[in-house]
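Participant: 3D, please:
(chains A and B)
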Amino acid sequence: DSGVTQTPKHLITATGQRVTLRCSPRSGDLSVYWYQQSLDQGLQFLIQYYNGEERAKGNILERFSAQQFPDLHSELNLSSLELGDSALYFCASSAHPIGGIDEQYFGPGTRLTVT
Amino acid sequence: GIQVEQSPPDLILQEGANSTLRCNFSDSVNNLQWFHQNPWGQLINLFYIPSGTKQNGRLSATTVATERYSLLYISSSQTTDSGVYFCAVRGNQFYFGTGTSLTVIP
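Facilitator: Numbering: from 1, shown residues only, chains lettered A, B, ... in the order given. Model (predicted):
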(Lines give C-alpha, C1' and ligand atoms only; values in the text may rest on other atoms or scores of the structure.)
Protein backbone atom coordinates (compact mmCIF):
# COMPACT_ATOMS: atom_id res chain seq x y z
CA ASP A 1 0.00 0.00 0.00
CA SER A 2 1.53 3.28 -1.17
CA GLY A 3 -0.54 5.46 1.14
CA VAL A 4 -2.16 7.28 -1.80
CA THR A 5 -5.90 6.74 -2.02
CA GLN A 6 -8.17 7.22 -5.01
CA THR A 7 -11.94 7.09 -5.32
CA PRO A 8 -13.90 5.67 -6.95
CA LYS A 9 -12.15 2.51 -8.11
CA HIS A 10 -14.44 2.08 -11.07
CA LEU A 11 -16.69 4.50 -12.90
CA ILE A 12 -19.00 3.83 -15.82
CA THR A 13 -20.68 6.74 -17.49
CA ALA A 14 -22.09 7.86 -20.82
CA THR A 15 -20.66 10.11 -23.49
CA GLY A 16 -21.19 13.79 -22.84
CA GLN A 17 -21.27 13.39 -19.07
CA ARG A 18 -18.98 14.89 -16.42
CA VAL A 19 -17.18 13.01 -13.66
CA THR A 20 -14.91 13.86 -10.75
CA LEU A 21 -12.04 11.68 -9.60
CA ARG A 22 -10.62 12.15 -6.14
CA CYS A 23 -7.14 11.61 -4.75
CA SER A 24 -5.71 11.85 -1.24
CA PRO A 25 -1.89 12.02 -1.13
CA ARG A 26 0.38 10.28 1.35
CA SER A 27 0.56 11.98 4.71
CA GLY A 28 3.00 14.88 4.48
CA ASP A 29 3.26 14.93 0.69
CA LEU A 30 2.63 18.31 -0.86
CA SER A 31 2.70 17.41 -4.55
CA VAL A 32 -0.04 15.59 -6.43
CA TYR A 33 0.23 14.35 -10.00
CA TRP A 34 -2.41 12.99 -12.37
CA TYR A 35 -1.77 10.49 -15.16
CA GLN A 36 -3.88 8.78 -17.78
CA GLN A 37 -3.10 5.25 -18.92
CA SER A 38 -4.77 4.03 -22.09
CA LEU A 39 -3.93 1.13 -24.38
CA ASP A 40 -3.00 3.33 -27.35
CA GLN A 41 -1.30 6.23 -25.52
CA GLY A 42 0.45 4.49 -22.67
CA LEU A 43 1.05 6.44 -19.45
CA GLN A 44 0.61 10.16 -20.03
CA PHE A 45 1.34 12.90 -17.51
CA LEU A 46 -1.60 15.27 -17.17
CA ILE A 47 -0.86 17.81 -14.46
CA GLN A 48 0.97 18.45 -11.18
CA TYR A 49 -0.05 20.54 -8.18
CA TYR A 50 2.19 21.59 -5.34
CA ASN A 51 0.62 22.90 -2.15
CA GLY A 52 -2.46 24.11 -3.97
CA GLU A 53 -0.78 25.63 -6.99
CA GLU A 54 -0.38 24.26 -10.49
CA ARG A 55 3.30 23.36 -10.99
CA ALA A 56 3.56 21.50 -14.29
CA LYS A 57 1.22 20.71 -17.14
CA GLY A 58 1.37 17.87 -19.61
CA ASN A 59 -1.02 16.49 -22.16
CA ILE A 60 -4.20 17.56 -20.42
CA LEU A 61 -7.21 18.27 -22.61
CA GLU A 62 -9.15 21.51 -22.21
CA ARG A 63 -12.18 19.42 -21.21
CA PHE A 64 -10.22 18.24 -18.18
CA SER A 65 -9.38 20.32 -15.14
CA ALA A 66 -7.88 19.69 -11.73
CA GLN A 67 -7.38 21.40 -8.44
CA GLN A 68 -5.71 20.79 -5.11
CA PHE A 69 -7.54 21.83 -1.97
CA PRO A 70 -6.15 23.30 1.29
CA ASP A 71 -6.23 19.84 2.90
CA LEU A 72 -4.02 18.73 -0.06
CA HIS A 73 -6.49 16.31 -1.60
CA SER A 74 -6.96 16.74 -5.32
CA GLU A 75 -9.78 16.30 -7.79
CA LEU A 76 -9.63 15.71 -11.51
CA ASN A 77 -12.72 16.81 -13.39
CA LEU A 78 -13.46 15.30 -16.79
CA SER A 79 -16.26 16.83 -18.81
CA SER A 80 -17.99 16.28 -22.17
CA LEU A 81 -16.71 12.74 -21.99
CA GLU A 82 -15.89 10.85 -25.17
CA LEU A 83 -15.37 7.15 -25.76
CA GLY A 84 -11.63 7.80 -26.09
CA ASP A 85 -11.47 9.07 -22.52
CA SER A 86 -11.94 5.53 -21.25
CA ALA A 87 -8.73 4.78 -19.39
CA LEU A 88 -7.10 4.14 -16.06
CA TYR A 89 -6.48 7.41 -14.23
CA PHE A 90 -3.69 7.43 -11.68
CA CYS A 91 -2.87 9.89 -8.99
CA ALA A 92 0.60 10.04 -7.45
CA SER A 93 2.13 12.10 -4.68
CA SER A 94 5.59 13.15 -3.62
CA ALA A 95 7.09 15.17 -0.82
CA HIS A 96 9.02 17.74 -2.82
CA PRO A 97 8.67 19.58 -6.12
CA ILE A 98 11.40 20.42 -8.61
CA GLY A 99 14.87 20.58 -7.09
CA GLY A 100 14.16 18.10 -4.36
CA ILE A 101 13.68 14.37 -4.32
CA ASP A 102 10.28 14.10 -6.00
CA GLU A 103 9.96 10.35 -5.78
CA GLN A 104 6.41 9.58 -6.74
CA TYR A 105 4.12 7.05 -5.12
CA PHE A 106 1.06 5.94 -7.06
CA GLY A 107 -2.48 5.29 -5.97
CA PRO A 108 -4.47 2.24 -7.15
CA GLY A 109 -6.11 4.16 -9.98
CA THR A 110 -9.66 4.84 -11.12
CA ARG A 111 -10.86 2.87 -14.12
CA LEU A 112 -13.16 5.04 -16.20
CA THR A 113 -15.37 3.48 -18.84
CA VAL A 114 -17.32 5.78 -21.15
CA THR A 115 -20.16 4.08 -23.03
CA GLY B 1 9.56 16.55 -25.04
CA ILE B 2 11.92 13.86 -23.84
CA GLN B 3 11.76 10.53 -25.65
CA VAL B 4 11.99 7.50 -23.38
CA GLU B 5 12.66 4.17 -25.04
CA GLN B 6 12.62 0.85 -23.25
CA SER B 7 13.94 -2.45 -24.46
CA PRO B 8 13.11 -5.17 -24.96
CA PRO B 9 9.37 -4.57 -25.33
CA ASP B 10 8.58 -8.14 -24.34
CA LEU B 11 10.51 -10.74 -22.40
CA ILE B 12 9.67 -14.30 -21.44
CA LEU B 13 11.86 -15.98 -18.85
CA GLN B 14 12.05 -19.30 -17.13
CA GLU B 15 11.81 -19.01 -13.37
CA GLY B 16 15.29 -18.57 -11.91
CA ALA B 17 16.73 -16.77 -14.93
CA ASN B 18 18.32 -13.33 -14.87
CA SER B 19 17.44 -10.38 -17.07
CA THR B 20 18.46 -6.82 -17.90
CA LEU B 21 15.96 -4.16 -18.92
CA ARG B 22 17.14 -0.96 -20.55
CA CYS B 23 15.79 2.60 -20.56
CA ASN B 24 17.25 5.23 -22.92
CA PHE B 25 16.25 8.86 -22.70
CA SER B 26 16.87 11.64 -25.17
CA ASP B 27 17.81 14.57 -22.94
CA SER B 28 19.11 15.51 -19.50
CA VAL B 29 16.70 14.61 -16.75
CA ASN B 30 16.18 15.67 -13.14
CA ASN B 31 15.19 12.28 -11.89
CA LEU B 32 14.47 8.76 -12.97
CA GLN B 33 12.28 6.12 -11.42
CA TRP B 34 11.61 2.46 -12.19
CA PHE B 35 8.16 1.02 -11.56
CA HIS B 36 6.58 -2.40 -11.76
CA GLN B 37 2.95 -2.55 -12.85
CA ASN B 38 1.56 -5.81 -11.56
CA PRO B 39 -1.19 -7.80 -13.30
CA TRP B 40 -3.77 -5.99 -11.14
CA GLY B 41 -2.65 -2.64 -12.50
CA GLN B 42 -0.92 -1.29 -9.41
CA LEU B 43 2.23 0.77 -10.04
CA ILE B 44 4.86 -0.15 -7.49
CA ASN B 45 8.01 1.87 -6.87
CA LEU B 46 11.19 -0.04 -7.45
CA PHE B 47 13.93 2.60 -7.53
CA TYR B 48 14.40 6.34 -7.46
CA ILE B 49 17.73 6.55 -9.26
CA PRO B 50 18.73 9.73 -11.11
CA SER B 51 22.32 8.48 -11.08
CA GLY B 52 24.47 5.73 -9.64
CA THR B 53 23.61 2.21 -8.58
CA LYS B 54 21.13 0.85 -6.07
CA GLN B 55 20.20 -2.64 -4.99
CA ASN B 56 17.10 -4.02 -3.32
CA GLY B 57 17.12 -7.78 -2.88
CA ARG B 58 17.09 -9.50 -6.25
CA LEU B 59 16.70 -6.20 -8.08
CA SER B 60 19.29 -3.60 -8.82
CA ALA B 61 19.45 -0.55 -11.04
CA THR B 62 22.13 1.61 -12.56
CA THR B 63 21.71 5.00 -14.16
CA VAL B 64 24.46 6.64 -16.21
CA ALA B 65 23.00 10.11 -16.58
CA THR B 66 25.83 11.43 -18.77
CA GLU B 67 25.11 8.70 -21.32
CA ARG B 68 21.34 8.94 -20.88
CA TYR B 69 20.44 5.41 -19.98
CA SER B 70 19.40 3.28 -17.05
CA LEU B 71 19.43 -0.47 -16.53
CA LEU B 72 17.26 -2.61 -14.30
CA TYR B 73 18.63 -6.02 -13.36
CA ILE B 74 16.39 -8.82 -12.15
CA SER B 75 18.15 -11.88 -10.81
CA SER B 76 16.69 -15.29 -10.00
CA SER B 77 13.34 -14.26 -11.45
CA GLN B 78 10.11 -15.46 -9.86
CA THR B 79 6.60 -15.73 -11.27
CA THR B 80 5.60 -12.77 -9.09
CA ASP B 81 8.02 -10.62 -11.11
CA SER B 82 5.65 -10.84 -14.08
CA GLY B 83 4.10 -7.58 -15.22
CA VAL B 84 5.21 -4.44 -17.00
CA TYR B 85 8.29 -2.50 -16.00
CA PHE B 86 8.33 1.22 -16.67
CA CYS B 87 10.99 3.84 -16.37
CA ALA B 88 9.93 7.44 -15.94
CA VAL B 89 12.01 10.58 -16.19
CA ARG B 90 11.49 14.21 -15.35
CA GLY B 91 12.39 17.09 -17.63
CA ASN B 92 9.97 20.01 -17.59
CA GLN B 93 7.28 17.41 -16.97
CA PHE B 94 7.16 13.67 -16.50
CA TYR B 95 7.65 11.12 -19.27
CA PHE B 96 7.07 7.39 -19.10
CA GLY B 97 8.59 4.83 -21.39
CA THR B 98 6.41 2.31 -23.20
CA GLY B 99 7.45 -0.43 -20.82
CA THR B 100 8.90 -3.93 -20.91
CA SER B 101 6.32 -6.68 -20.49
CA LEU B 102 7.89 -9.52 -18.51
CA THR B 103 6.42 -12.99 -18.21
CA VAL B 104 8.11 -15.46 -15.89
CA ILE B 105 7.03 -19.04 -16.43
CA PRO B 106 7.45 -21.75 -13.79
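
Participant: use CA for all of it now, contacts and neighbours both
Facilitator: Fine.

Participant: now the helices for the chain?
Facilitator: With no chain named, the answer covers chain A. Shown for chain A, no helices are assigned by DSSP state H.

Participant: which residues in the chain form strands?
Facilitator: I'll assume chain A. Ranges of strands in chain A, per DSSP state E, are A:5-7, A:10-13, A:19-24, A:31-38, A:42-50, A:53-57, A:64-68, A:74-78, A:87-94, A:105-106, A:110-114.

Participant: look at chain B instead
Facilitator: B:4-7, B:10-14, B:19-25, B:31-37, B:43-48, B:52-56, B:59-64, B:69-74, B:83-90, B:94-96, B:100-105.

Participant: Export the strands of chain A to a markdown table and append columns for mean neighbour count.
Facilitator: Formatted as a markdown table, these follow (neighbours: other CA atoms under 10 Å in any protein chain shown):
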| stretch | mean neighbour count |
| --- | --- |
| strand A:5-7 | 20 |
| strand A:10-13 | 13 |
| strand A:19-24 | 20 |
| strand A:31-38 | 24 |
| strand A:42-50 | 22 |
| strand A:53-57 | 16 |
| strand A:64-68 | 19 |
| strand A:74-78 | 20 |
| strand A:87-94 | 26 |
| strand A:105-106 | 25 |
| strand A:110-114 | 19 |
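
Participant: Now render these as TSV, adding distance to residue B:54 and mean pLDDT.
Facilitator: Compiled in TSV, these are given as follows (distance: least, CA to CA, whole Å; pLDDT from 0 to 100):
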stretch	distance to residue B:54	mean pLDDT
strand A:5-7	28	98
strand A:10-13	36	98
strand A:19-24	29	98
strand A:31-38	25	95
strand A:42-50	25	93
strand A:53-57	28	92
strand A:64-68	33	97
strand A:74-78	32	98
strand A:87-94	20	96
strand A:105-106	18	94
strand A:110-114	31	97
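
Participant: want to try TSV for the strands of chain B, with mean pLDDT as columns?
Facilitator: TSV is the format used below for the strands of chain B (pLDDT from 0 to 100):
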stretch	mean pLDDT
strand B:4-7	97
strand B:10-14	97
strand B:19-25	97
strand B:31-37	95
strand B:43-48	94
strand B:52-56	96
strand B:59-64	98
strand B:69-74	98
strand B:83-90	95
strand B:94-96	92
strand B:100-105	97
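
Participant: rewinding a little: make JSON lines out of the strands of chain A and add distance to residue B:20.
Facilitator: What follows is the strands of chain A, written out as JSON lines (distance: least, CA to CA, whole Å):
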{"stretch": "strand A:5-7", "distance to residue B:20": "32"}
{"stretch": "strand A:10-13", "distance to residue B:20": "35"}
{"stretch": "strand A:19-24", "distance to residue B:20": "34"}
{"stretch": "strand A:31-38", "distance to residue B:20": "25"}
{"stretch": "strand A:42-50", "distance to residue B:20": "22"}
{"stretch": "strand A:53-57", "distance to residue B:20": "32"}
{"stretch": "strand A:64-68", "distance to residue B:20": "38"}
{"stretch": "strand A:74-78", "distance to residue B:20": "37"}
{"stretch": "strand A:87-94", "distance to residue B:20": "27"}
{"stretch": "strand A:105-106", "distance to residue B:20": "24"}
{"stretch": "strand A:110-114", "distance to residue B:20": "31"}
